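> Give me coordinates for this.
(chains A, B and C)
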Amino acid sequence: MPLLLVVVAVGGIFLVTEVLPWTLSRQTAVKRNGKYDVIIIGGGATGAGTARDCALRGLSVLLVERKDFATGATGRNHGLLHSGARYAVTDRESAAECIGENRILRTIARHCVEPTDGLFISLPEDDLGYQTTFVEACHRAGILAEAISPEEARRLEPSVNPALVGAVRVPDAAIDPFRLVSANVLDARLHGAEVLTYHEVVDFIRTGNCIEGVVLRDASSGELKRVEAKVTVNAGGIWGHLLARKAGVEVGMIPAKGSLLVFGHRVNQMVINRCRKPADADILVPGDTICLIGTTSDRIPFEDIDKNEVLSTEVDVLLREGAKLAPSLATTRILRAYSGVRPLVAADDDPTGRSVSRGIVCLDHAERDGLEGFVTITGGKLMTYRLMAEMATDLICRKLGRTAFCTTATTPLPGSKSESKRESRRGRREFISMRAGEKGAEGRHGDRVEKISFDKPTDAALVCECEQVSVAEIKYAIESLDATTLVDLKRRTRLGMGTCQGHICAVRAAGLLGRASGDSEGALSDVASFVNERWRGVCPIAWGDSLVEAQFTQWFYEGVCGLGEIVDKKDREEMI
Amino acid sequence: MKKQESRNISAGNFEQCTKCTICTVYCPMLEVNPFYPGPKQAGADGERYRLKEPKYYDEALRYCLNCKRCEVSCPSGVRIGDIIALARAKNSRGVPKLRDVLFANTDLVGSVATRVAPMLNRALESKPIRGAMDTLLAIDHRRILPRYAEEKFTTWFAKNALAEQSKYGRSVTYFHGCYANYNDPQLGKDLVKVLNAVGFGVRLMEGERCCGMTKIASGMLSQATADAKRNLAEIRREVGEGRRVIATSSSCAFALRDEYEHILGLDNHDVRSSISLATRFIYRQMERGNIKLAFRKDFKMRVAYHFACHIEKLGWSIYSTSLLRMIEGLELLLLPSQCCGMAGTYGLKRENYNYSQAIGESLFAHIESLGVDCVATDCETCKGQIEMSTSVKVLHPINILAEAIDVEATRKLNDLK
Amino acid sequence: MRYDTIIIGGGLAGLVSGIELARSGSRVAIISSGKSALHFCSGSFEFWSEGMAAVGSIAEHNPDHPYSKIDPKKIARYTEQTKDIFARAGMPLVGSAEANHLRLTPLGALKPAWLTMDEYVTFEAVGVSEYRSVVIVAIEGYLDFYPEFIAKGLEQMGLECHIREISLAEFNRLRQSATEMRAVNLSRTLKGSPLREFAQRVKALVEDEDLVLLPAIFGLGEERGLQIVEEIVGRKVKVAATVSASASGVRMQKRLTDAFQSLGGVFIGGDRVVGCTIDESRIVSLNTANHEEEEFVAENYILATGSFFGRGIVATPEEVYEPILGLDVVPQMARKEWYADDILDAQPFQKFGVATDSELHPMIDGRVVENLYAVGSILSGADAVKEGCGAGVVIATALMVAENILAYKHK
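Model (predicted):
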């Protein structure tokens, strides 16, 4: 029996407000009649960036993603805006690409970037001689690298290991990949692109030697849809290997897993790297309210690329090495562990996958394999997503016979169009006096905060208290940023990313989501899948305060609320 | 027999917060003021954002009373009040108001005020002057300010008591604090009376400064630190000579023991356990059989004990109430443990007056309903607040003890001539 | 400071044993660090989710369970004793030792319960309801109550559900705060004329429904809050649980503490035990953080510090330990064995706790500490969440230990 909602108003005696305060925005319907110019497969940074670039150049675009945006390697790395210094010694070309993109992203994606600067520190066990090689290599790649004294390093970054014997300051920064992707998708849509999340490509439409579109499966309904396009772009990251194979071509990739740990607060304000040949757990990045250490590096079989497992041996390495960068990490609460899979294009037999070039690979399969209408863009890194998108779009335009030029290097993303109150000197006082939810929203959405309405008194209420996510921001993410589940909301807003890992906010947000969609049952299974998604990251580090929190969480959701009885086991894992 | 130390979890780290929200239940400000973000948001939650960027500091943290009831209630040992106090000191901008400087510099103001006490007290009671103070200094005109004494406690002590203190075999050092010195010397006199009766000589520290609580509350940490260092040096000398240092004010004792370390970052671990509260000191001496008390046969009093916030934080109200219970002829009632709203100089400020009174409202009604002879409390500012807001007189447990004891009989019991 | 019994831990376990001992004239002190998990009370206590009839056979299947140390014949008496304690504290409970009833969770599930505060809505069994239709009253902007989820649960019971929302000027004031529109603050607001106005507005919402269901936000501002609403509305009015710190839990903590103190018990709050003196197999004294060298001495000691949440036991990456006295904790297993993949499945860590003998004496290095008892969720062997035995273990072990201490004293 459907839930009966009744609103009764008796004149003047009491206030009855709308029971359904807003409705869930429907995902863009698939273009009727006719072909898209381009279908882009993959909602990571590369896919989103390519969709934006294509849309800005006037192409008709469909972006499809089998889950949500930034669920692959894009959302599972350091969130480091490399200066390129890390690659300066081993891969000058990558280093130069990085510093170029670094400068561009600071402008076009300012609301996603925190200009922290970075240090490359030498510890007593490191070869100080490497520092000289390092600084010279940086200069050759055009990276401003300045050797500073250990005293100066300790002053700039009080959390740094005080035993350091040398340090180099470089223009590293932090970048939020979720916001970055979200802003790219938003801009693509503002320029006419259409977007489908939770739609998996199950097959390609193939006529002779030509790919003419894709067959999609809607994850929620199971329905199959055929969509046609002149060009189909494989931007599937590591999954691109499997997509290419489905299309009948081979793109050899090496899945290299990297694991990271998230700490409960910002221990450091600058990025801290080890000044030595890249190794495990040698980068500590402050990002938003937290900091994270990573990564490990291990080759894994393709069967495991969806597992995102973190082993206790990896946790041990990360903790041990992390404490060498900043000793206080050893006594800082760990919120969770996660891992991602780097899409490295096979080059040699290095088992660690580390000396493989992360260089960008843009393949026209017509040229390479005689398969028309299919392009693969892969390799590269989060840092170079825009450049990758530019290369892919250039190729697409060539194939379509278009001549539009790329403007993404100079066109700010939505949210970065103007200096925010937080950033500007004049806005400082105003920023300080804003409510927590508004501050949180401005920090995350930049100038798009104007689109978030705090007009009603109920809008400013915090849903997620750890990360200061308000009702208004949740509504905005549902209406404007394609969020359909709690995990999507997490990626759009930081809901549940804080200390309690969703203990308080999951059920609150589900209450709002359930009202918006009218689907209480769906909202409840969403809670179950969300708390399980959080638990999966907590599990590898569940001791101390994190275990206290986990006990509290299980006790609440299962003990007090009986969630496990409401939601079938199979539904608890869905949609993560 | 083996003495073992517990393996305790490291104390105070804000990351021990499990987001359980219990602190929000016990915050007195939150009950009356929706603009205060509450201890959870202002404390551990906000701290993560302030560490991200100081601009996330919320000016509404100024509403915090520093009562520490959030800390007493926290099941995870998070020092929420300290987090808020430090955030305030670090982030609140602008030059402190003249009023706040006056309130913070209790020593300076007290020294001047006691010299002109009769005139000043009359002035402070006059409506036009209070109106002017409200306008010029933002001190609420409805607030009755504490009266100043004509003679400082230290002056009285030097004149009337100092000489005979060396006659006693045992001695203890009294940290009188600003209130007993400038406003209520009777409290100091009563303590001397009781301690002398049981055979303890009283010493004062010549270099005693304000404990710093008011400066800490106004975010003037550097001035507070200067005073604190001086006090610690004095206390170290006394402790080094084998004496304990006792205060009558629970807030002074709390500042010396905990705020010095937690807020000012001073290392006081060597003397911390030698700093005590007068009632605790006397109770413990009694319990060990070191001293005895004899009470007047005709003493009769019905007393309601008020649990001041900082004695609750110290956990020491049990000493005051146990001591009062020992007094023959005294009937003791316990008030519910809640903040009176005064919080030191907080309630004096015009912008806080309404909140301050709203917080104490139910306590005042409760007190009025009991029909007691007086309220007892270890905190001087609670005394001011309750006396202003009810018709009941407020005494310190030491005042009551001094009134209740039979001095001659007590001296005899303690083998004094 | 000398007492007959010192209890470490001021939650449900500590208070129940404290009240029972103090009522019999013992000198009892409770040392408590912060407030307890009682604050999250959903209004109900669970004993055994499989049913009260199954309690007698727990020892057979599950010899490590705390219940295996309790005589099943005593459970009926413990049930009455518990109802008595709560009734005296002004919070009557319904329920029996014979059969579970169903409680309604904040997400609309119906779970078996042993005892429930009488203001909460309960059902005898699935499909057995005395109500035909219900109006669920939501509060505008209040994020911790979920009428849609609750309606889903009630519809399974065959009830027709209507959701209506109200607002109140006093609540709008609370809404100025981004975070503090919580059950406790709503409850404090509901007194005097705002309470009556609230009741009037509820009354105006009711059509022909025979049950009015409100969020559990009564009892703090006005003790008789819900009764007053019911009188004005003129229909059956019940509450359903909210999430986060609950008004009922806060009231429970306060009322039980008051009850303990009014029986002469000494409640030492905001303090931590930091050391102890042990002679052979007996505890001689305790020291606390606030009282420093002052020794707390008693004949008997009760440890009621809870599980991980109460910091009764603490996990490091290598082990789980009991931080106050260094008691033996079981089971010790490799960390990867502590967890199940699904947070809603049985988590092995929930059963961690101190090892005890048949009288609930804990051990140090396998040796029993004779004058120490462990009660409540610090005990090993129970999974409060999956077995639905949290409050049952707490209350039954607390009562059993109080009973044993008193019996021993009388001998």
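
> For whichever helix or strand residue A:474 is part of, which outside residues touch it?
Taking DSSP states H and E as the definition, residue A:474 sits inside helix A:471-480. By C-beta atoms under 8 Å, 6 or more residues apart in numbering or on different chains, the residues outside helix A:471-480 that reach it are A:21-22, A:24-25, A:186, A:437, A:440-441, A:444-445, A:451-454, A:458-463, A:483-484, A:488-489, A:492-493, A:495, A:509, A:512-513, A:516, C:143. All C-beta spots, glycine's among them, are computed from the backbone N, C-alpha and C.

> mind listing what the residue of the stretch 201-350 of chain B found nearest chain C touches?
Residue nearest to chain C within the stretch 201-350 of chain B (C-beta to the nearest C-beta): residue B:315, separated by 3.3 Å. Residue B:315 makes contacts with C:268-271, C:288-291, as judged by C-beta under 8 Å, 6+ apart.

> So the chain: which segments form each domain?
Chain wasn't specified; assuming chain A. Residue ranges for each domain of chain A read A:36-72+A:178-251+A:359-400, A:80-175+A:254-345, A:428-572, as given by automatic domain parsing.

> Chain C was what I was after
C:2-93+C:250-410, C:121-240.

> export those to JSON lines and tack on mean neighbour count?
Below are those laid out as JSON lines (neighbours: other C-beta atoms under 10 Å in any protein chain shown):
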{"stretch": "domain C:2-93+C:250-410", "mean neighbour count": "21"}
{"stretch": "domain C:121-240", "mean neighbour count": "20"}
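
> on that earlier part again, now, which of the contacts of residue B:315 lie within strands?
If you go by DSSP state E, those have C:268, C:288 in strands.

> Export the contacts of residue B:315 as TSV, with columns for distance to residue C:64 and pLDDT.
Formatted as TSV, the contacts of residue B:315 follow (distance: C-beta to C-beta, whole Å; pLDDT from 0 to 100):
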residue	distance to residue C:64	pLDDT
C:268	33	95
C:269	33	93
C:270	34	93
C:271	32	95
C:288	32	96
C:289	33	94
C:290	36	95
C:291	36	95
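
> overlap between the contacts of residue B:315 and the residues near chain B?
Among these, the residues lying close to chain B (C-beta under 8 Å from any C-beta of the partner chain) are C:268-271, C:288-291.

> Please see if the lengthiest helix in chain A touches chain B.
The residue-count maximum for a helix in chain A (DSSP state H) belongs to helix A:520-538. No. Remark: helix A:520-538 sits outside contact range of chain B, by C-beta under 8 Å from any C-beta, the gap being at least 12.9 Å.

> Could I get the buried residue list for that helix?
Going by neighbour count (16 or more other C-beta atoms under 10 Å in any protein chain shown), the buried part of helix A:520-538 is A:520, A:522-538.

> Would you check which of those residues are in contact with chain C?
Answer for the buried residues of helix A:520-538 near chain C (C-beta under 8 Å from any C-beta): A:520, A:523-524, A:527-528, A:531-532, A:534-536.

> By pLDDT, give me the weakest of those residues.
Ranked by pLDDT, these bottom out at residue A:520 (91).

> pretty sure that residue contacts residue C:149?
Yes. Counting by C-beta atoms under 8 Å, residue A:520 touches residue C:149, with 5.7 Å between them.

> hey, what's in contact with both of the two?
If you check residue A:520 and residue C:149 against C-beta under 8 Å, 6+ apart, the residues they both contact are residue A:514.

> residue ranges with poor pLDDT in chain A?
A:1-34, A:347-358, A:574-576 (pLDDT under 70).

> Quick one, which of the domains of chain C gets closest to residue A:167.
domain C:2-93+C:250-410 (30.6 Å; C-beta to C-beta).

> Could you tell me the end-to-end distance of the closest one?
End-to-end distance for domain C:2-93+C:250-410, by C-alpha to C-alpha, to the nearest Å: 19 Å.

> any idea how far it is from the chain center?
12 Å (C-alpha atoms, centre = their mean, to the nearest Å).

> What parts of the stretch 251-400 of chain C come near chain B?
Residues of the stretch 251-400 of chain C lying near chain B (C-beta under 8 Å from any C-beta): C:261, C:266, C:268-279, C:284, C:288-294, C:309-311, C:314, C:321, C:323-326.

> again, only using 6 Å
Neighbours of chain B within the stretch 251-400 of chain C, by C-beta under 6 Å from any C-beta of the partner chain: C:270-271, C:274-275, C:277-279, C:290, C:292, C:314, C:323-324.
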